[in-house]
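Asks: Kindly return the folded structure for what I paste below:
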Amino acid sequence: MLFRLSLKNLKKSIRDYSIYFFTLILGVSIFYLFNSIGAQTAMMELSKTKADSIDMLKTVISSMSVMVSFILGFLIVYASRFLIRKRKKEFGVYLTLGMRKGDISKILLAETAVIGALSLGAGLVIGILLSQFMSLFVAGMFEADMSRFVFVVSPEAVLKTILYFVIIYLVVIIMNTFIVARAKLIDLFNADRMQEKIKLKNPILCAVLFLAACVMLGTAYYNVTVNSETLQSEFEVIVQIVLGIVGTFLIFWSVSGFVLEMLKKVPGIYHRRLNSFILSETGAQINTAVVAGSVICLLLFVTICALSSAFALKSYREGRMEYLAPVSLCLDRETTDGKTAGEVLEEKGFDMAALDVGAEFCTYETDTVTEGTLLGSYMDHLKENGFSEEYAAQPVEIIRLSDYNRAARLYGFDPVSLGEDEYAVSSDYPNTVDYYNEGLKVNDTIEIHGRTLTAAYGECVKGYIRMRYSESNMGLVIVPDDVEFAEGERYASLLIADYAEGYDTDEFRSYMDDGEFEALVSGREDEPVMYISTQSDIYDDSIGSSAMVIFIALYLGFVFIISGAAILALKEMSDAIDSRHKYEILRRLGVAEKEQDRALLIQMGIFFGFPLILAVIHSIFGIQVCSQMMMGAFSSADLGTTLGLTAGMIVVIYGGYFLVSYLCCRRVVHEKEQ
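Replies: Numbering: from 1, shown residues only. This next block holds a predicted model:
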């Protein structure tokens, strides 16, 4: 009997459960979607580097899913409490008719089980269907061969999703039982009349705090963008974050008592149509959701910045590949045993016909060319900012002019010209470029074996001699070919080559990248390590790392938007129930239903829009900070595309919640009070 009653309740209240059900289905489908990435990539042809990236992505997603489950669990418990509150009068009737609290708990258990099973089933079906499209997205991200594409269901992801959500539903059942057990009959009957207490705020205090919040946010915006170079410590950065958080909270706390009160002073606005009613209701809503609104605003801000940064980083890294990896292969080994990279290859039996060697040379280090001697008095400034004596004594790698120019031509850099007693400094790592440029202003001479050399250029020459995954040339001194070095000063041997005709194939690239070549050239433990950098491996690593950042940003972004929008939607539903008698009064006063709908739409638009607008303002400056952190990775074209994708995601999910909650609230306020 209790189960039949539960089913009747669900049928009767199906529209009340719409936001709850919508949230459950979205949560389940997204949870499955991201946890099934491993199965989605199983049929793809991937290099070892890409496969390793996907394995790491699966591990990260799995770890993040624990945190996501807590967020979704909190959200579902919050939504469940709203539904319990709405039905307290119904439970009071049950108790009056002689039903025990234990029976009410059983009804809630049955309802939770039914709605949980339905949402799990629907969410998994939607997640499985979406995962097929996600496979195409993953394949595009990893530039994988999809010729073996098949419809895939991940049993592991299905079981994991069921397990996590069953645990969440059990927590909901326990919470519901606890709420019912503590409830008093009189409170259940008076639940509809027990609204949140709205404290009136002093308009002058609100004005002062609103201006203080604007100053805090303005200071933080200025310091993290225009004045960012002055932020020298983690503490100073944390201060700006705290200013942003506190400023956001104060904006929400004060806006209802300042901005809305100011609007009331404008007769042309306040006394027009139902604007007085709209402003009063909106002020009350914001007043009772200060913390929630602040948190949701910050979640949206993080989502916008994370998604924009992730997609921009991908575009930036793809654009840098031609710079970072212009040739097929770069080998690099220390020469403590006196052997060059080419000699080691021949010694190990590698077929040298596979390589079209463009350059092979050695680099050197001496006691007289160090960071300290190169930077001169500027080194004292760096020491004052935390640089050690060990850094000052660190040797700087030296290369002969002809060797550098051979490498430069292969990599596509401009050649360097030196006079008889001149030298140049090369670097492409942003921080060291700045240091060397400052050092060249105060010291333009070095000494090698009693020979004094003068800088041929007043700033760093941009370039490198080793292919790496990012700009990593921390400093290189280029000297004339006739500078002599002792045998013991030889530091490293490099070999730069393209694959010869007939060897530039997928099979040979796999041999070079997947460990076979490394196993061949690896020496004994007492031999120097051979560092291998291949064009294909650097490309694949860039693709894999960029994809990982994007998937993490998407996963968190979806969850944050759903969480924020669902909380706002539930708050609107709760307020609509509390305000039902106000709309009844409007009806009795002769206000048309269309005008009431307009008032509801405007106040809900303000309530949903305010956190989003403030988050967008935060993001204007936050994205600039992200760009600085990624060393100017954002271009106008990339930013426009990424912001478009981010906006689309927010419009679909956030806008979807707004639409569903508006339709639900519209139905609630037009119901006649019982």
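Asks: can you give me the strands for the stretch 401-550 of the chain?
Replies: 422-426, 445-448, 451-455, 476-479, 490-499, 530-534 (DSSP state E, counting those that start in this stretch).
Asks: want to throw those strands into CSV with mean neighbour count and distance to Ile613?
Replies: The way it works is simple: take the backbone N, C-alpha and C, and place the C-beta from them, glycine included. Formatted as CSV, these follow (neighbours: other CB atoms under 10 Å; distance: least, CB to CB, whole Å):
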stretch, mean neighbour count, distance to Ile613
strand 422-426, 23, 48
strand 445-448, 17, 57
strand 451-455, 16, 53
strand 476-479, 24, 50
strand 490-499, 21, 53
strand 530-534, 19, 47
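Asks: Nearest to Met175 among those strands would be which one?
Replies: Met175 lies closest, by CB to CB, to one member of those: strand 530-534, at 55.4 Å.
Asks: distance between that closest one and the chain's centre?
Replies: 31 Å (CA atoms, centre = their mean, to the nearest Å).
Asks: Neighbouring strands of it in the sheet, and parallel or not?
Replies: Strand pairing for strand 530-534, using DSSP bridges, gives strand 329-334 (antiparallel).
Asks: picking that back up, so for Ser470, which of the strands of the stretch 401-550 of the chain sits nearest?
Replies: Of the strands of the stretch 401-550 of the chain, nearest to Ser470 by CB to CB is strand 530-534, at 11.7 Å.
Asks: rewinding a little: relative to Val344, which of the strands of the stretch 401-550 of the chain is closest?
Replies: strand 530-534 (6.5 Å).
Asks: isn't Ile128 right up against Thr161?
Replies: No: with contact defined as CB atoms under 8 Å, Ile128 does not reach Thr161; the gap is 10.3 Å.
Asks: Identify the contacts common to the two.
Replies: Here Ile128 and Thr161 have Tyr32 as joint contacts, going by CB atoms under 8 Å, 6 or more residues apart in numbering.
Asks: Redo the strands of the stretch 401-550 of the chain as JSON lines? Include mean pLDDT and distance to Leu307.
Replies: Shown next, in JSON lines, are the strands of the stretch 401-550 of the chain (pLDDT from 0 to 100; distance: least, CB to CB, whole Å):
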{"stretch": "strand 422-426", "mean pLDDT": "93", "distance to Leu307": "37"}
{"stretch": "strand 445-448", "mean pLDDT": "90", "distance to Leu307": "47"}
{"stretch": "strand 451-455", "mean pLDDT": "91", "distance to Leu307": "45"}
{"stretch": "strand 476-479", "mean pLDDT": "94", "distance to Leu307": "38"}
{"stretch": "strand 490-499", "mean pLDDT": "93", "distance to Leu307": "38"}
{"stretch": "strand 530-534", "mean pLDDT": "90", "distance to Leu307": "31"}
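Asks: Reformat those strands into JSON lines and put distance to Gly338 next to each item.
Replies: Formatted as JSON lines, the strands of the stretch 401-550 of the chain follow (distance: least, CB to CB, whole Å):
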{"stretch": "strand 422-426", "distance to Gly338": "26"}
{"stretch": "strand 445-448", "distance to Gly338": "22"}
{"stretch": "strand 451-455", "distance to Gly338": "25"}
{"stretch": "strand 476-479", "distance to Gly338": "22"}
{"stretch": "strand 490-499", "distance to Gly338": "8"}
{"stretch": "strand 530-534", "distance to Gly338": "15"}
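Asks: Nearest to Gly557, out of these?
Replies: strand 530-534 (33.5 Å).
Asks: re earlier: tell me which of the strands of the stretch 401-550 of the chain sits nearest to Leu299.
Replies: Leu299 lies closest to strand 530-534 among the strands of the stretch 401-550 of the chain, at 40.1 Å (CB to CB).
Asks: C-alpha coordinates for the closest one, CSV please?
Replies: What follows is strand 530-534, C-alpha atoms only, in CSV (Å, rounded to 0.1, in the frame of the first residue of the first chain):
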residue,chain,number,x,y,z
MET,A,530,71.1,9.8,-24.4
TYR,A,531,68.2,12.3,-24.4
ILE,A,532,65.9,11.7,-27.4
SER,A,533,63.6,14.4,-28.8
THR,A,534,61.5,13.5,-31.9
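Asks: Number the residues from 725 up from this point.
Replies: With 725 as the first residue, the last one maps to strand 1254-1258.
Asks: between that strand and strand 1214-1223, how big is the angle?
Replies: Relative orientation of strand 1254-1258 versus strand 1214-1223 (axes from the mean of the first three to the mean of the last three CA atoms, to 10 degrees): 30 degrees.
Asks: ok, and what's touching strand 1254-1258?
Replies: Strand 1254-1258 is contacted by residues 1049, 1052-1057, 1065, 1068, 1190-1192, 1233, 1236-1237, 1241-1242, 1245-1247 when judged by CB under 8 Å, 6+ apart.
Asks: one more time with 6 Å, if that's ok
Replies: Applying CB atoms under 6 Å, 6 or more residues apart in numbering, the contact partners of strand 1254-1258 are Leu1053, Cys1054, Asp1056, Arg1057, Met1191, Met1236, Asp1237, Glu1242, Val1245.
Asks: From the residues you listed, pick the one nearest Gly1182.
Replies: Closest approach to Gly1182 among the contacts of strand 1254-1258 (CB to CB): Met1191, at 27.9 Å.
Asks: Ser777 is nearest to which of the strands of the stretch 1125-1274 of the chain?
Replies: Across the strands of the stretch 1125-1274 of the chain, closest to Ser777 is strand 1254-1258 (CB to CB), at 15.6 Å.
Asks: who does the longest helix belonging to the chain touch, helix- and strand-wise?
Replies: Selection of the longest helix in the chain by residue count, based on DSSP state H, yields helix 1259-1302. Applying 3 or more CB pairs under 6 Å, 6 or more residues apart in numbering; DSSP states H and E, one finds that helix 1259-1302 contacts helix 742-759, helix 772-810, helix 825-866, helix 1014-1048, helix 1230-1237, helix 1360-1394.
Asks: what about the third one, average pLDDT?
Replies: Taken as a whole, helix 825-866 carries a mean pLDDT of 80.
Asks: what's the next secondary structure element after the longest helix of the chain?
Replies: Later in the chain than helix 1259-1302, the nearest helix or strand by DSSP states H and E is helix 1304-1312.
Asks: which element follows that next one toward the C-terminus?
Replies: Using DSSP H and E, the helix or strand that follows helix 1304-1312 towards the C-terminus is helix 1317-1353.
Asks: Enumerate the positions of that next one that are buried.
Replies: By neighbour count with 16 or more other CB atoms under 10 Å, helix 1317-1353 contains the buried residues 1320-1321, 1323-1324, 1326-1328, 1330-1332, 1334-1336, 1338-1340, 1342-1343, 1345-1351.
Asks: right, and the helices and strands packed on helix 1259-1302 - which one's nearest Phe1074?
Replies: Of all the helices and strands packed on helix 1259-1302, the one in closest proximity to Phe1074, counting by CB to CB, is helix 1230-1237 (10.4 Å).
Asks: Contacts for that closest one next, please.
Replies: Phe1241, Thr1258, Ser1260, Asp1261.
Asks: Let's see that with 7 Å instead.
Replies: Helix 1230-1237 has contacts (CB atoms under 7 Å, 6 or more residues apart in numbering) with Ser771, Lys772, Thr773, Ala1078, Tyr1223, Phe1241, Thr1258, Ser1260, Asp1261.
Asks: how about it as CSV, C-alpha atoms only?
Replies: Taking Å, rounded to 0.1, in the frame of the first residue of the first chain, the C-alpha atoms of helix 1230-1237 are listed here in CSV:
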residue,chain,number,x,y,z
ASP,A,1230,54.4,5.7,-39.2
GLU,A,1231,56.2,2.4,-38.6
PHE,A,1232,59.6,4.0,-38.3
ARG,A,1233,58.3,6.9,-36.1
SER,A,1234,56.7,4.3,-33.8
TYR,A,1235,60.1,2.6,-33.6
MET,A,1236,61.8,5.9,-32.6
ASP,A,1237,59.1,7.0,-30.2
